[in-house]
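1. kindly return the folded structure for what I paste below:
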Amino acid sequence: MGKVVIFTLLVSMIIGCSSTGRSYVETEMAETLEVEILPNTSKMFTYRLRWPEERIPSHIRVARGGANPGQEFAKGGVDVGRGTYERLLENTAYVIEQAGYCRDGFFELDRSISRYHLWVRGECKDSATAADQHAFGAKQVLTPEHWRKSP
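-> Numbering: from 1, shown residues only. Now for the predicted structure:
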């Protein structure tokens with residue numbers, strides 16, 4: 001009996017440690033990377049995960065500040081908890097690296113975490129090169145197709 005428990009614990013640890021660090025991408029949330037290269041060659045971005053507007057409960061959309069005490073909280077979005085911020089930063093780092101946007105990492109400037117919309121606004125540590133300006137232009141919104149590696 002003890003060997004079964006130890007084996008189960010080991011398998012659980014291996015599965016837990018083999019995580020890719022990507023969170024929320026297997027949900028209905030739309031993932032985007034908004035990029036902007038400023039005239040001074042600073043590279044700014046906003047990484048977003050947003051629940052589809054039509055799937056957000058109407059009492060949240062219409063009265064975001066007010067609650068209807070008789071209405072049960074609708075399921076959807078993400079469960080915001082202690083690890084949400086770290087998982088959001090891991091997603092951000094992955095996407096900006098895979099998109100080839102920030103080569104030397106980034107500085108976080110602002111963030112927002114809620115059940116239906118998570119985002120990180122940042123600035124790359126490196127300046128835009130001529131190749132960056134050609135590849136990304138002044139401003140655009142990138143979707144997962146832009147950063148997913150081909151098999």
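
2. list the buried residues for stretch 98-116?
-> Neighbour-count burial for stretch 98-116, counted by 16 or more other CB atoms under 10 Å, picks out 99, 101-102, 106, 111, 113, 115-116. No exception for glycine: its C-beta is placed from N, CA and C like everyone else's.

3. quick check, nearest of those residues to T84?
-> Comparing the buried residues of stretch 98-116 against T84 with CB to CB places I113 closest, at 5.5 Å.

4. what about D110, which SS state?
-> strand (DSSP: H, G, I helix; E, B strand; the rest coil).

5. surely it meets R121?
-> Yes: if you go by CB atoms under 8 Å, D110 and R121 touch, sitting 4.3 Å apart.

6. and the strands in the chain?
-> 30-37, 43-50, 106-113, 117-124, 139-142 (DSSP state E).

7. pLDDT below threshold where in this structure?
-> Applying pLDDT under 70 to the chain flags residues 1-27, 55, 57-77, 149-151.
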